[in-house]
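S.K.: need a structure here:
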Amino acid sequence: MTADKIAKVFKEEGIEKQITCPQAFVIAEKHKISKDAISTYCNEHGIKIRACQLGCFK
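M.R.: Numbers count the residues shown, from 1 in each chain. Now for the predicted structure:
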């Protein structure tokens, strides 16, 4: 279910191929999704996380 939620949020935000770390943090907080879930989703769907802070995302 979380993957569906992330997909919906990413679509609403226009995120297709890349996301910045600050964007991921905001989405995680706003939509109550763990940063780990966002990281996993991005890795599984080929979405690059740019401008990463403190290595929170791989």
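S.K.: can you list contacts of the host helix or strand of Lys30?
M.R.: Counting by DSSP states H and E, the element that carries Lys30 is helix 21-31. Helix 21-31 has contacts (Cβ atoms under 8 Å, 6 or more residues apart in numbering) with 5-6, 9-10, 13, 15, 19, 33-35, 38-39, 42, 49-53, 56-57. To be clear about C-beta, it is placed using only N, CA and C from the backbone, and glycine gets the same treatment.
S.K.: Okay, the most centrally placed residue in the chain and Glu12: tell me how far apart.
M.R.: Among the residues of the chain, Ile38 comes closest to the average C-alpha position under Cα atoms, centre = their mean, at 3.9 Å. Remark: distance between Ile38 and Glu12 (Cβ to Cβ, to the nearest Å) = 14 Å.
S.K.: The helix or strand of the chain with the lowest mean pLDDT: which residues count as buried?
M.R.: Among the helices and strands of the chain, strand 48-50 carries the lowest confidence by mean pLDDT, DSSP states H and E, at a mean of 90. Residues Ile49 are the ones in strand 48-50 that count as buried (16 or more other Cβ atoms under 10 Å).
S.K.: Can you tell me which helices and strands it packs against?
M.R.: strand 18-20, helix 21-31, helix 35-44 (3 or more Cβ pairs under 8 Å, 6 or more residues apart in numbering; DSSP states H and E).
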